[in-house]
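**Student:** Sequence unavailable; structure follows:
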């Protein structure tokens with residue numbers, strides 16, 4: 001059944017294309033989310049510094 005092999009190859013190629021397309025869409029989004037996460041970590045560190053400063057200025061109340 002030579003047609004079966006060709007059908008499987010075509011299906012495998014479609015799967016490969018779908019996976020590549022998914023990868024191409026997801027990877028930039030992942031990079032953007034990582035940048036946002038890193039930025040949030042920096043912002044939280046600054047907020048914690050400010051909170052500690054305010055806490056110390058108020059006598060630890």
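**Tutor:** Right, received. Where do you want to start? Everything numeric here is computed off the predicted structure, so don't read it as measured data. Numbering: from 1, shown residues only.

**Student:** Point to the residue nearest the middle of this structure.
**Tutor:** Relative to the mean C-alpha position of the chain, the nearest C-alpha, by CA atoms, centre = their mean, is the one of residue 30, at 2.7 Å.

**Student:** What strand or helix carries residue 30?
**Tutor:** Counting by DSSP states H and E, the element that carries residue 30 is helix 2-57.

**Student:** Quick one: mean pLDDT over that helix.
**Tutor:** The pLDDT scores in helix 2-57 average 94.

**Student:** Go ahead and measure how far it is from the middle of the chain.
**Tutor:** Between the mean C-alpha point of helix 2-57 and the mean C-alpha point of its chain there is a distance of 2 Å (CA atoms, centre = their mean, to the nearest Å).

**Student:** returning to that earlier point: so the residue nearest to the centre of the chain versus residue 51, what's the distance?
**Tutor:** Look at residue 30 and residue 51: by CB to CB, to the nearest Å, they are 31 Å apart. (Each C-beta comes from the backbone N, C-alpha and C, glycine too.)

**Student:** follow-up on the earlier one: tell me how far the residue nearest to the centre of the chain lies from residue 15.
**Tutor:** Counting by CB to CB, the gap from residue 30 to residue 15 is 21 Å.

**Student:** Then residue 59?
**Tutor:** Using CB to CB, which is the criterion applied here, residue 59 is 65 Å from residue 15.

**Student:** All set, thanks.
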